[in-house]
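Asks: Fold the following and give me the result.
(chains A, B and C)
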Amino acid sequence: MMTLIEDLWMKNRSLVNDGYDEALNYIGNIIDLKIHEIPSGTECWTWIVPEKWVINEAYIMCGERKIVDFKEHPLHVISYSLPVDKEVSKEELLKHLHWREDRPNAIPFEFKYYERDWGFCIQHSRLTEFTEDKYKVFINSKFEKGTLKVGDFTLKGESDETIVLVAHLCHPAQVNDDLAGIAVLVDIAKEMSKARHHYTYKFLLVPETIGSVAYLSQNEDIIPKLKYGIFVEMPGNDNIHALQLTRQGNTRLDRLARYVMKGNLSDFREGAFRQVVGNDEMVFNGPGVNVPMISISRYPYPEYHTSDDNPGIITKERLEETKGLILKIIGILDRDYVPQRTFKGPIFLSRYGLWVDWRVDPELNNNLELIMLSLEGDESIFDIAEKLDTDFEVVYDYINKFLSKGLVVKRSQC
Amino acid sequence: MMTLIEDLWMKNRSLVNDGYDEALNYIGNIIDLKIHEIPSGTECWTWIVPEKWVINEAYIMCGERKIVDFKEHPLHVISYSLPVDKEVSKEELLKHLHWREDRPNAIPFEFKYYERDWGFCIQHSRLTEFTEDKYKVFINSKFEKGTLKVGDFTLKGESDETIVLVAHLCHPAQVNDDLAGIAVLVDIAKEMSKARHHYTYKFLLVPETIGSVAYLSQNEDIIPKLKYGIFVEMPGNDNIHALQLTRQGNTRLDRLARYVMKGNLSDFREGAFRQVVGNDEMVFNGPGVNVPMISISRYPYPEYHTSDDNPGIITKERLEETKGLILKIIGILDRDYVPQRTFKGPIFLSRYGLWVDWRVDPELNNNLELIMLSLEGDESIFDIAEKLDTDFEVVYDYINKFLSKGLVVKRSQC
Amino acid sequence: MMTLIEDLWMKNRSLVNDGYDEALNYIGNIIDLKIHEIPSGTECWTWIVPEKWVINEAYIMCGERKIVDFKEHPLHVISYSLPVDKEVSKEELLKHLHWREDRPNAIPFEFKYYERDWGFCIQHSRLTEFTEDKYKVFINSKFEKGTLKVGDFTLKGESDETIVLVAHLCHPAQVNDDLAGIAVLVDIAKEMSKARHHYTYKFLLVPETIGSVAYLSQNEDIIPKLKYGIFVEMPGNDNIHALQLTRQGNTRLDRLARYVMKGNLSDFREGAFRQVVGNDEMVFNGPGVNVPMISISRYPYPEYHTSDDNPGIITKERLEETKGLILKIIGILDRDYVPQRTFKGPIFLSRYGLWVDWRVDPELNNNLELIMLSLEGDESIFDIAEKLDTDFEVVYDYINKFLSKGLVVKRSQC
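Replies: The predicted structure follows:
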């Protein structure tokens, strides 16, 4: 995971541009990506795919000095900036300059995808260097026909029902948001490739929002197959996990994610749909699509959307922890089923080697009974484990014993 | 409003009598009332319309002095008192005398509509004047065939679905209960006459309970058209508003009245059906009729059901405030509709001029998104405003913009 | 009740044995029991009816002394002990000896119905008497074909819908658990025989669990007729009542039992299914049968499952109190019905002699109105009494007045 991040983080990735395409190609060498291309100008529901943004050079001259230079850091120019080449007064320049007073040594990340403007971003601490009345501003950018690209890695399962995992890749020269989420997904994809699964798993790497809109609007037939979604980002910073629930708020996936976090983390927080942090779940779980999609992150963190979001603020351990949570959620989801009893009355447990004496283990004995009472065909193994506030694996193993003795049948995957 | 009250308050209004009829005729000169007449003796479900009560003269003589005289105040005789003309002992007289110890200088309002008795009401402070052993009691009353009268002002709307507004008019020589409620309704009727509405609005002025029973039982065909009801009384005294919920307790009207009171009053209280104060909602929202009817009042107040309930305890400002609440409730109810989206995915807001940048106004931005997520055709504009705890007018205006751009259609009035 | 207990308590009652049969025969002389016999070896769902256990003599010799003798107390031998006749080391003997350190002067009740072992039970205080290295252990027991017996007393009612009352009879030489529950049921059966009832009532006296499984599995056709069940045990000890809810947890019977306990006891506790104490409700209310069965007991008590559970720890008054509760529950259940109004509007109460003036009794007046509003045919009299938190008998009598005047009809028994 860390190599991918080191290799790609400084690229000037944007919605439709070379930096984004280079990063996607790099990932295509790790996992076998299918690339969907949607041309600039395509109508995608209420959206239009933007043109490709090309930028070669950009700087601000103060007298003879280049005081700001795009070569030094991609964030110095706002994403999708218009070209400019003129002398401007200090007053006019300041209208096109962006900084963050609360973070004086960082360059902020600014974008004007649809507002059509030019602009630069600087460290607030450097404002004192702007001592002259006149400046030359130069941005050599242009807009061309291109194609928006969506990376798609699909693991076919026994069922066509699909779990979609999404991260975005369009935030230039930043790490935690959004490259680290990509890195975690790529690693999960590699690991899951080693085994067969019940569900189909689709990993989508996109430019934020427009990428999801473009993909889904051009592939509407896939929508009915999408059962649940997981959006991942910001897995590396030093904060507790934040679980953002689906728009529905009470699906099996919501309960499962909460159960896994409760069981595996010393602390985490939980929030309603769009009340923690906003990303592509607004598309997947939005109007007319409505696939229940949770979002897992460690939002917020102070370096967010600045040049301080660099490799120094993340650790491999935190990425691994987030990856582990997602694999656990999938591990339960993929194996969970609804057992239905074939027996009547309480089971004569000792006859089937299933007895635990209450004088030996009253707690387990008590749970066994509650498990035995939960085999009516309206609860899955996860439902039972959640209800009893106990370990899924213990209940799964115990009910599998019933299954092997013919005392329950699998009613359905759930 | 205040002129009506001044002109009518001292009338000896009762269930079926001249005082009631005179008051109704007076109101008929302000708004165009249709008068429904139901003759004495008519069977109305389990009730029978009472006879007309006529009273000319009534007094108590102590020796040569008239110590109580109906001419001085109509409340001195109990409503629907039988005639009497005899000499009685002090002991017998006291059995027919009513007073209020907690309010020694007020004459209480007593009635024996169905108990068939005679009686007088006096100020408790005057009991000491009853110094003799023998008294002459004289009540020249009689009972005749008459007609119970219901005043009906109907504003036809686009729909036959009807909102009924009810107040009663049968409390003699009192102001807050019940003439002030009548005055507020008459004013609302005048104001609403100036505009067209979606619903039909029917204002009913009745003698309490029996008037509503008589009207509905003789006009059963109207019951299915009655969507909601609002009962109004005691709008003028110095107390906070009390919202009594419908029998159902959770209708759109209940929620709407609560929303308007919360948004427009610094304080109010709320109670379940029949747990604040009892009036004609027991008929309209009662067995076999069951039109959800809220009741709006400022109950309780210390002058209730006494001669102290006079013009001095009410103010025009309070009547106007109650009137304003009811007009706001109707204003929302009449315009509310269920919007249904025609778009898929999140809307490309800036393309439609609907974008608000989160860096400019995060709160509005956030609500816009939640509004965009609420256009599935199962929530009305009021539902959305209530859910977001925000102003109906703001949401109404914003969704109307969607409507004008074809992004939503009106699914239904609700 | 007390004579039955005195006569039967010391019998060595077990699942299938002479002591059990003798006790059942004794009860058959008090109430007219039908005895169901199910032979040893019969497959009953997942269970098998055990063999009859016969024990004649059993003791432990320490040198020349019999230091433990079955003749002194039946609990000295574990129920269903295998035969044994050998010299054993002290070490081996201790593996087959049972005692209770927390109750040093009591012999514990131990059973190995299905584990096939031999064993003795002693007072912990007597451990010091085991001073030698070698002991002779002798148990003259054997296992024969026999029949498991279920005592069935059925009171036919107007309806075939059946309320089943269950207690078990298989706990040797103990009183509160389980003979006292049997005594209470026998007394209720006698008392209920004196009158006719709506429901059919079936009293079942069984060996615990296997008796219920055997009876139901061999009489599956009766299961659909079983509407509710009540399990009774431990009614005599000095503790508050414990109501264990049905597996459903919210049936009419649960609410009724809670209502009766709240109204008649100064204190009681309540627990979910199988969370207070476990008995035959696991069969009746268990998988594939699922008759809602509450359990009423005074569990826990310190003498539980020891020789201290003797006549000294129970009182007749406590048995009578438990009996009274059960009769009250049945008394409401059997008479409760859903009234449906035939009138419209509020009733003209004074015309029907049903009026109570609010100036005389505001509380009753208020309840009358709420009762009048509860006659829509979707609430039973118990539902209304429970909702109003008032006395069932008062509401029952008042609504019966409506019934006699034709203002309501009986919609259904509920």
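Asks: Tell me the residues of the stretch 201-350 of chain A that contact chain B?
Replies: A:209, A:213, A:216-217, A:247, A:273-274, A:278, A:282-283, A:286-289 (C-beta under 8 Å from any C-beta of the partner chain). Glycine gets a C-beta too; all of them are placed from N, C-alpha and C.
Asks: okay, those in a markdown table with neighbour count, distance to A:Gly331 and secondary structure next?
Replies: Shown next, in a markdown table, are these (neighbours: other C-beta atoms under 10 Å in any protein chain shown; distance: C-beta to C-beta, whole Å; DSSP: H, G, I helix; E, B strand; the rest coil):
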| residue | neighbour count | distance to A:Gly331 | secondary structure |
| --- | --- | --- | --- |
| A:Thr209 | 22 | 30 | coil |
| A:Val213 | 29 | 31 | helix |
| A:Leu216 | 26 | 27 | helix |
| A:Ser217 | 22 | 32 | helix |
| A:Arg247 | 19 | 25 | coil |
| A:Phe273 | 24 | 24 | coil |
| A:Arg274 | 20 | 28 | coil |
| A:Gly278 | 18 | 28 | coil |
| A:Met282 | 24 | 28 | helix |
| A:Val283 | 30 | 27 | helix |
| A:Gly286 | 27 | 28 | coil |
| A:Pro287 | 21 | 32 | coil |
| A:Gly288 | 16 | 31 | coil |
| A:Val289 | 22 | 26 | coil |
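Asks: Throw those into a markdown table and include pLDDT and distance to B:Ser159, thanks.
Replies: Listed next are those as a markdown table, based on pLDDT from 0 to 100; distance: C-beta to C-beta, whole Å:
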| residue | pLDDT | distance to B:Ser159 |
| --- | --- | --- |
| A:Thr209 | 97 | 42 |
| A:Val213 | 98 | 40 |
| A:Leu216 | 98 | 40 |
| A:Ser217 | 98 | 39 |
| A:Arg247 | 98 | 34 |
| A:Phe273 | 96 | 36 |
| A:Arg274 | 93 | 37 |
| A:Gly278 | 94 | 41 |
| A:Met282 | 97 | 37 |
| A:Val283 | 98 | 39 |
| A:Gly286 | 97 | 34 |
| A:Pro287 | 97 | 30 |
| A:Gly288 | 97 | 31 |
| A:Val289 | 98 | 35 |
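Asks: Any chance of those residues in JSON lines with distance to chain C as columns?
Replies: Listed next are these as JSON lines, based on distance: C-beta to the nearest C-beta, whole Å:
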{"residue": "A:Thr209", "distance to chain C": "46"}
{"residue": "A:Val213", "distance to chain C": "47"}
{"residue": "A:Leu216", "distance to chain C": "43"}
{"residue": "A:Ser217", "distance to chain C": "47"}
{"residue": "A:Arg247", "distance to chain C": "31"}
{"residue": "A:Phe273", "distance to chain C": "31"}
{"residue": "A:Arg274", "distance to chain C": "36"}
{"residue": "A:Gly278", "distance to chain C": "41"}
{"residue": "A:Met282", "distance to chain C": "40"}
{"residue": "A:Val283", "distance to chain C": "42"}
{"residue": "A:Gly286", "distance to chain C": "38"}
{"residue": "A:Pro287", "distance to chain C": "38"}
{"residue": "A:Gly288", "distance to chain C": "39"}
{"residue": "A:Val289", "distance to chain C": "38"}
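Asks: ok, these vs chain B, which is closest?
Replies: Distance to chain B across these (C-beta to the nearest C-beta) is lowest for A:Gly288, with 3.4 Å.
Asks: Give the full set of residues in contact with that closest one.
Replies: Contact analysis of A:Gly288 by C-beta atoms under 8 Å, 6 or more residues apart in numbering or on different chains lists A:45, B:341, B:343-345.
Asks: Can you tell me which of those residues end up in helices?
Replies: Secondary structure assignment by DSSP state H places none of the contacts of A:Gly288 in helices.
Asks: Taking these, tell me the two that lie furthest apart.
Replies: A:Trp45 and B:Arg341 (11.2 Å; C-beta to C-beta).
Asks: In three-state terms, label the residue located most distally from the centre of chain A for me.
Replies: In chain A, counting by C-alpha atoms, centre = their mean, A:Arg351 sits farthest out from the average C-alpha position, at 49.8 Å. Following DSSP: H, G, I helix; E, B strand; the rest coil, the label given to A:Arg351 is helix.
Asks: Could you check the pLDDT of the residue nearest to it when sequence neighbours are not counted?
Replies: Excluding the flanking residues, the one nearest A:Arg351 by C-beta to C-beta, 6 or more residues apart in numbering or on different chains is C:Thr46, at 6.6 Å. pLDDT for C:Thr46: 97.
Asks: residues in contact with C:Thr46?
Replies: So C:Thr46 contacts A:343-345, A:347-348, A:351-352, A:407 (C-beta under 8 Å, 6+ apart).
Asks: For those residues, which single residue is the most surrounded?
Replies: When the contacts of C:Thr46 are compared by neighbour count (other C-beta atoms under 10 Å in any protein chain shown), A:Ile347 ends up highest, at 24 neighbours.
Asks: mind checking how far the nearest residue to it once chain neighbours are set aside is from B:Glu303?
Replies: Excluding the flanking residues, the one nearest A:Ile347 by C-beta to C-beta, 6+ apart is C:Thr46, at 5.1 Å. Counting by C-beta to C-beta, to the nearest Å, the separation of C:Thr46 from B:Glu303 is 77 Å.
Asks: which ones are touching A:Asn400?
Replies: By C-beta under 8 Å, 6+ apart, A:Asn400 has no neighbours at all.
Asks: In three-state terms, how would it be classified?
Replies: Per three-state DSSP, A:Asn400 ends up helix.
Asks: hmm, back to that, can you flag which of the contacts of A:Gly288 belong to strands?
Replies: B:Arg341 (DSSP state E).
Asks: In a markdown table: the contacts of A:Gly288, plus distance to C:Thr390.
Replies: Listed next are the contacts of A:Gly288 as a markdown table, based on distance: C-beta to C-beta, whole Å:
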| residue | distance to C:Thr390 |
| --- | --- |
| A:Trp45 | 60 |
| B:Arg341 | 50 |
| B:Phe343 | 56 |
| B:Lys344 | 56 |
| B:Gly345 | 57 |
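Asks: Relative to B:Met2, which of the contacts of A:Gly288 is nearest.
Replies: Among the contacts of A:Gly288, and counting by C-beta to C-beta, the member closest to B:Met2 is B:Arg341, at 49.5 Å.
Asks: so, in contact with chain B or not, stretch A:48-67?
Replies: Yes. Against chain B, stretch A:48-67 shows contacts by C-beta under 8 Å from any C-beta at A:Ile48.
Asks: so how far is that stretch off the chain centroid?
Replies: For stretch A:48-67, the gap between its own C-alpha mean and the chain's C-alpha mean amounts to 30 Å (C-alpha atoms, centre = their mean, to the nearest Å).
Asks: So what would you say the end-to-end distance of it is?
Replies: Stretch A:48-67 has an end-to-end distance of 36 Å (criterion: C-alpha to C-alpha, to the nearest Å).
Asks: okay, the residue in the stretch 301-414 of chain A that chain C sits nearest to: pLDDT?
Replies: Relative to chain C, the nearest point of the stretch 301-414 of chain A is A:Lys344 (3.3 Å; C-beta to the nearest C-beta). Note on A:Lys344: pLDDT of 97.
Asks: That one reaches C:Ile223, doesn't it?
Replies: No. At 9.4 Å, A:Lys344 does not count as touching C:Ile223 under the criterion of C-beta atoms under 8 Å.
Asks: Quickly list what's touching both of the two.
Replies: By C-beta under 8 Å, 6+ apart, A:Lys344 and C:Ile223 have these common neighbours: C:Val289.
Asks: In contact with A:Tyr114, which residues?
Replies: A:50, B:348, B:350-351.
Asks: Let me see the contact set for the closest residue to chain C within the stretch 1-150 of chain A.
Replies: Among all residues of the stretch 1-150 of chain A, A:Trp45 sits closest to chain C, at 46.4 Å; criterion: C-beta to the nearest C-beta. Under the criterion of C-beta under 8 Å, 6+ apart, the contact partners of A:Trp45 comprise A:213, A:217, A:288, B:343-345, B:348.
Asks: Am I right that A:Gly263 sits in a strand?
Replies: No. Using three-state DSSP, the assignment for A:Gly263 is helix, not a strand.
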